[in-house]
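In: what follows is a predicted structure for the sequence shown.
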Amino acid sequence: MTTTPPSPDDLPVTHLTVGGENPRRLALRIREGDGPAVVWLGGFRSDMRATKAAALDAWAAGAGRRMVRFDYSGHGESEGRFEDGTISDWLADAEAVIAAHAGERPILVGSSMGGWVACLAARNRARQGGRVGGLVLIAPALDFTEELMWASFPPEIRKTLEREGVWYRPTDYAPEPDPIRMALIEDGRRHLLLGEALEPGGPVHILQGMRDPDVPYAHALRILERLPADDTRLTLIKDADHRLSRPQDIALLVRTVEAMAREP
């Protein structure tokens with residue numbers, strides 16, 4: 001008798017407590033299966049129920065692949081306030097989840113901000129002698145707090161941030177504006193990657209829309225320059241925007257992750 005695997009939203013939510021002085025409980029959904037595990041790293045203000053994450057989990061169910069999804073602190077079903085979070089916090093969340101549930105040579109799939117977090121986690125892992133099975137980066141927003149926010153903010157917004165500590169940025173992705181804190185900008189400067197060569201410790205495949213208004217494809221080209229020549233690929237989709245959530249984009253994502261999962 002064949003048992004139908006649970007759908008992405010029917011998987012039970014488990015929890016992991018991270019942080020020392022300021023502990024926070026993260027929500028996770030773990031798809032049991034064979035490894036190496038695929039780990040979903042979502043974007044800024046996104047969560048593990050997002051379209052791409054759910055579609056990838058459905059693929060994992062059919063392929064019998066272990067998959068780990070989670071919400072950063074202040075996101076989705078995890079504890080904390082979004083506006084209190086920093087890149088340091090969300091990186092610590094990701095590294096704790098990977099260490100606890102991903103096993104050896106995980107495949108990290110990072111979307112937008114999650115691409116930055118994935119690269120940081122992979123670099124840190126490589127520095128400690130470990131490796132990843134690979135990185136699939138979807139419109140990766142490396143260094144976005146500096147390169148895509150601060151550098152593009154007009155003087156009046158910078159002054160608001162310096163004076164009040166927060167600026168509320170309108171967004172097309174949520175009904176309320178994004179609270180952008182000066183603490184987020186300042187913390188992001190501790191994690192900048194584009195100023196030097198990046199050694200992720202595994203193959204990399206970037207998927208990037210050329211009509212992306214949030215992370216321009218020129219940004220993906222800058223990332224490409226910092227990555228090793230071997231085992232690094234960039235796929236540009238000329239008519240795609242930042243979401244990369246159309247059926248054809250989802251199919252491309254699944255094929256890309258599936259191909260990386262087959263690599264030795």
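Out: Now that the structure is in, tell me what you want to look at. Numbers count the residues shown, from 1 in each chain.
In: tell me if Asp10 really is in a strand.
Out: No - checked against DSSP: H, G, I helix; E, B strand; the rest coil, Asp10 lies outside a strand; its state is coil.
In: what residue is smack in the middle of this structure?
Out: The centroid of the chain falls nearest to Gly114 when counting by C-alpha atoms, centre = their mean (1.5 Å).
In: three-state assignment of it?
Out: Three-state call for Gly114 (three-state DSSP): helix.
In: contacts only, for the nearest residue to it once chain neighbours are set aside.
Out: Using C-beta to C-beta, 6 or more residues apart in numbering and skipping the chain neighbours, the partner closest in space to Gly114 is Leu41 (3.4 Å). C-beta coordinates here come from the backbone N, C-alpha and C atoms, glycine included. Residues near Leu41 by C-beta atoms under 8 Å, 6 or more residues apart in numbering: 94, 108-111, 114-115, 117-118, 121.
In: please redo it, this time with the cut-off set to 10 Å
Out: 48, 53, 68-70, 72, 90-91, 93-94, 97-98, 108-119, 121, 135-138 (C-beta atoms under 10 Å, 6 or more residues apart in numbering).
In: check Asp241 too.
Out: Contact partners of Asp241, counting by C-beta under 10 Å, 6+ apart, are 139, 209-214, 249.
In: could you list which of these belong to helices?
Out: Among these, the members falling in helices (DSSP state H) are Asp249.
In: in the contacts of Asp241, which residue is surrounded by the most others?
Out: Ala139 (28 neighbours; other C-beta atoms under 10 Å).
In: count of residues packed around the residue nearest to that one when sequence neighbours are not counted?
Out: Closest residue to Ala139 apart from its sequence neighbours, by C-beta to C-beta, 6+ apart: Val215 at 4.7 Å. Residues lying near Val215 (other C-beta under 10 Å) number 24.
In: how close does Val215 get to Arg222?
Out: Counting by C-beta to C-beta, to the nearest Å, the gap from Val215 to Arg222 is 11 Å.
In: which neighbours do these two share?
Out: Common neighbours of Val215 and Arg222 (C-beta under 10 Å, 6+ apart) are 142, 147.
In: near the residue nearest to Phe44 when sequence neighbours are not counted, how many other residues are there?
Out: Distances taken as C-beta to C-beta, 6+ apart put Met113 closest to Phe44, at 4.3 Å, once the chain neighbours are dropped. Counted with other C-beta under 10 Å, the neighbours of Met113 add up to 24.
In: equivalent analysis for Asp231, please.
Out: By the criterion of other C-beta under 10 Å, Asp231 has 15 neighbours.
In: could I get the full set of strands for the chain?
Out: Here the chain has its strands, by DSSP state E, at 13-18, 24-31, 34-41, 65-70, 107-111, 134-138, 166-169, 178-181, 204-209, 232-237.
In: I'd like those strands as JSON lines, with mean pLDDT and distance to Arg189 appended.
Out: What follows is the strands of the chain, written out as JSON lines (pLDDT from 0 to 100; distance: least, C-beta to C-beta, whole Å):
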{"stretch": "strand 13-18", "mean pLDDT": "96", "distance to Arg189": "23"}
{"stretch": "strand 24-31", "mean pLDDT": "97", "distance to Arg189": "23"}
{"stretch": "strand 34-41", "mean pLDDT": "94", "distance to Arg189": "21"}
{"stretch": "strand 65-70", "mean pLDDT": "98", "distance to Arg189": "26"}
{"stretch": "strand 107-111", "mean pLDDT": "98", "distance to Arg189": "20"}
{"stretch": "strand 134-138", "mean pLDDT": "98", "distance to Arg189": "21"}
{"stretch": "strand 166-169", "mean pLDDT": "96", "distance to Arg189": "17"}
{"stretch": "strand 178-181", "mean pLDDT": "96", "distance to Arg189": "13"}
{"stretch": "strand 204-209", "mean pLDDT": "98", "distance to Arg189": "23"}
{"stretch": "strand 232-237", "mean pLDDT": "98", "distance to Arg189": "26"}
